[in-house]
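1. Attaching a predicted model along with its sequence, questions to come.
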Amino acid sequence: MTKVKLHAILGQLIFQDAAVANIPQRDFRIQFSSRRALLGMAAASVLSTTLAFSGNALATDAYPNKPIKVIVPFPAGGGGDTLARLMLGRVAQELGQPFVFENLAGAGGNVGSQMATRAPADGYTLLYGTNGTFAINHTLYKNAGFDPLKDFVPISQLSRIAAVVVVRGTLPAKTMPELLKLVRSEPGKYTFASAGNGTTSHLAGEILKSSAQLDMVHVPYRGGAPAMNDLLAGQVDMMIEVMPNVTPQLKGNRVRGLAVSTASRVANLPDLPTIAESGVAGFEVGAWDAVVAPAGTPAPIVARLNAAVQKALADPELRKQLQERGAEAAPGTPEALSAFIRTELKRWGDAVKRSGAQVD
C-alpha cells in the first residue's frame, strides 16, 4: 500500500466522518487538525506494518543471499568437526551459498553453544549440536548456560553414530561374551578408558557396567585421542568409542573390536555383533548430531534449511562417506528433532546421575 493511497483513504474518512456527524463547516475546520493527527498516526502504523511485512517476506524469499556461519563447538579436526563439515558442506551446495565454519570449543561444547544463542535469528548463523551438548551436558554441568529447547529452533537431525567396544591387543578376550566373562571373573581389576568424565565414551561404559553388572575401573582422559593412545599402548584394557574416532585403528588392526553399541549391526562393520546380541539384552547406546538455529528464526527459513538437509543426506555418495566413518544419515523434521531431544535429555541425564559425574 503506497503513501498516496493511504492519504486518499484518509481524506475520504475525514470528510465522511464530518458529513455523518453533521459538523458545521466552521467547527469542522477546528476539529479537522486533531482528527487528521489521529488518523495520521493510524496510517503511519499501517504503512510501517505493511512495509515491515513486505520486507520480511522479501528477505525470506531471497534466503539465502550471503554466506551462512556454522558454529561448531568443538576443536577443529576432531570427529564432530569432521562430520559437521562433511554433512553441512553438502547442505551448502543445496542452498547455493558457502558455509563458514567457526570452531568455538570449550566446556564440552557449552561455550560455542552459548555464543550461538546471541546470534541474530535470521538464518545466517547455525549451530552444530550433539548428544553431548544437547543432552549430556545439561545434567553433567550445574549450568550449561543455554536451554536446548528454548534457546534454539530445531532444523533437522543429521546422523546417528555407533560406538564400538574395543580392547587392547593383548587382552585374552576375543569376543564380547568372553570379555564379559573375563571382567566378571576378577571384579575391579579391569579398566575402561574414556575421553573424559561425562563424555559419550564414559557414559557408554557406565551403562554397560550397570546393564551387565560389571565391576570395572573408569580411567578418564582429556579427549579421545590420548585415551586411544593408551589403549594402543596396553595401559588400559578397553574402551567404548564412537566409530569416527576408532575406525582408523580397527582398519589398521591396532585394536580389537568386539561389538557395536547400536540396536542393529553397522553396515561398515557387518561382522561385529551388537552388544545386545552378545549377552546384554536391550543394550543400545549411540551418539548423534543435529543442526539448529537461534530461537525466533522464521519458519520459512527453517523449512528451507530442512529441505536442503533432506536432499543433501539423500545423496548416495555422502551416505557412503558417512558409513565409512561409522555414521548413518538420519534426517527428519524439526518436530521430530524437538521430540527426540526431549527424550535424550532424560535418557542421558539418567546415565549421568548413575555415573556420579559432575562438572562445576
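-> Nice, thanks for sending it over. Numbers count the residues shown, from 1 in each chain.
2. wait, Ile275 sits on Ala259?
-> Yes. Taking CB atoms under 8 Å as the contact criterion, Ile275 and Ala259 are neighbours in contact, 4.7 Å apart. C-beta coordinates here come from the backbone N, C-alpha and C atoms, glycine included.
3. Which parts of the stretch 1-150 of the chain are helices?
-> 3-20, 25-62, 79-95, 110-117, 131, 137-140 (DSSP state H, counting those that start in this stretch).
4. Restrict the last one to CA atoms and write it as PDB.
-> As requested, the backbone C-alpha atoms of helix 137-140 are provided in PDB (Å, rounded to 0.1, in the frame of the first residue of the first chain):
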ATOM      1  CA  ASN A 137      25.800 -31.500  29.400                       C
ATOM      2  CA  HIS A 138      22.500 -30.400  31.000                       C
ATOM      3  CA  THR A 139      22.900 -32.900  33.800                       C
ATOM      4  CA  LEU A 140      26.700 -33.100  33.800                       C
END
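5. just to revisit the earlier point, overlap in contacts, Ile275 and Ala259.
-> 165, 176 (CB atoms under 8 Å, 6 or more residues apart in numbering).
6. Closest to the centroid, which residue in this structure?
-> Centroid-nearest residue in the chain: Gly129, 2.5 Å away (criterion: CA atoms, centre = their mean).
7. Counting neighbours, what do you get for the nearest residue to Gly108 once chain neighbours are set aside?
-> The spatial neighbour of Gly108 that comes closest, neighbours along the chain excluded (CB to CB, 6 or more residues apart in numbering), is Asn137 at 5.5 Å. Here the count is done by other CB atoms under 10 Å, and Asn137 has 26 residues near it.
8. Okay, now the unreliable bits of the chain?
-> For the chain, the stretches with pLDDT under 70 are 1-60, 360.
9. okay, how far is it across stretch 190-207, tip to tip?
-> The distance separating the two terminal residues of stretch 190-207, taken as CA to CA, to the nearest Å, comes to 16 Å.
10. Quick check: chain neighbours aside, which residue is closest to the residue nearest to the centre of the chain?
-> Ala290 (4.9 Å).
11. burial measure for that neighbour, as a count.
-> 27.
12. Pairing partners for it in the sheet, please.
-> Gly129, Gln157 (DSSP bridges).
13. so who does it touch?
-> Taking CB under 8 Å, 6+ apart as the test, what Ala290 contacts is 128-130, 134, 154-158, 337, 341.
14. Please repeat the previous calculation with a cut-off of 7 Å.
-> Applying CB atoms under 7 Å, 6 or more residues apart in numbering, we find Ala290 in contact with 129, 154, 156-158, 337.
15. got it, and Leu345?
-> Leu345 makes contact with 135, 138 under the criterion CB under 7 Å, 6+ apart.
16. Look up which helix or strand it falls in, please.
-> helix 334-355 (DSSP states H and E).
17. gap between the two ends of stretch 116-134?
-> 13 Å.
18. which other residues reach that stretch?
-> Residues lying outside stretch 116-134 but in contact with it, judged by CB under 7 Å, 6+ apart, are 63-64, 66, 68-73, 80, 84, 108-110, 113, 146, 148, 151-152, 199-200, 287-297, 301, 305, 341, 344, 348.
19. my guess is Ile161 contacts Asn268, does it?
-> No. Taking contacts as CB atoms under 7 Å, Ile161 lies outside contact range of Asn268: 11.3 Å.
20. Looking at the two, which is more packed in?
-> Under the neighbour definition other CB under 10 Å, Ile161 and Asn268 were set side by side, and Ile161 has more, 28 against 20.
21. bridging residues for that one?
-> Ala287, Ala327.
22. tell me the contacts of it?
-> The contact partners of Ile161, taken as CB under 7 Å, 6+ apart, are 242-244, 286-288, 326-327.
23. ok, now with 10 Å
-> Counting by CB atoms under 10 Å, 6 or more residues apart in numbering, Ile161 makes contact with 79-80, 83, 130-131, 200, 242-245, 261-262, 266, 286-289, 322, 325-328, 330.
24. before we move on, back to that, quick one: which of the contacts of Ala290 has the most company?
-> Looking at the contacts of Ala290 with neighbours defined as other CB under 10 Å, the largest count falls to Gly129 at 31 neighbours.
25. picking that back up, distance of the residue nearest to Gly108 relative to Gly106?
-> Computed as CB to CB, to the nearest Å, the Asn137 to Gly106 distance reads 12 Å.
26. The closest residue to Leu182 other than its chain neighbours: what secondary structure?
-> When the adjacent residues along the chain are set aside, Leu182 lies closest to Ala173, with 4.9 Å between them (CB to CB, 6+ apart). Reducing the assignment at Ala173 to three states with DSSP: H, G, I helix; E, B strand; the rest coil gives coil.
27. burial of Ala173, as a residue count?
-> Other residues near Ala173 come to 20 when the count uses other CB under 10 Å.
28. now do the one 10 residues further on
-> Here the neighbour count serves as a burial measure; for Val183 (other CB under 10 Å) it reads 23.
29. now for the strand or helix carrying it, which elements pack on it?
-> Using DSSP H and E, the element containing Val183 is helix 176-185. The contact analysis (3 or more CB pairs under 10 Å, 6 or more residues apart in numbering; DSSP states H and E) places helix 176-185 against strand 152-167, helix 200-212, strand 238-242, strand 256-260.
30. Compute the inter-axis angle for the helix holding Leu345 and strand 152-167.
-> For helix 334-355 and strand 152-167, the angle between their directions (axes from the mean of the first three to the mean of the last three CA atoms, to 10 degrees) works out to 50 degrees.
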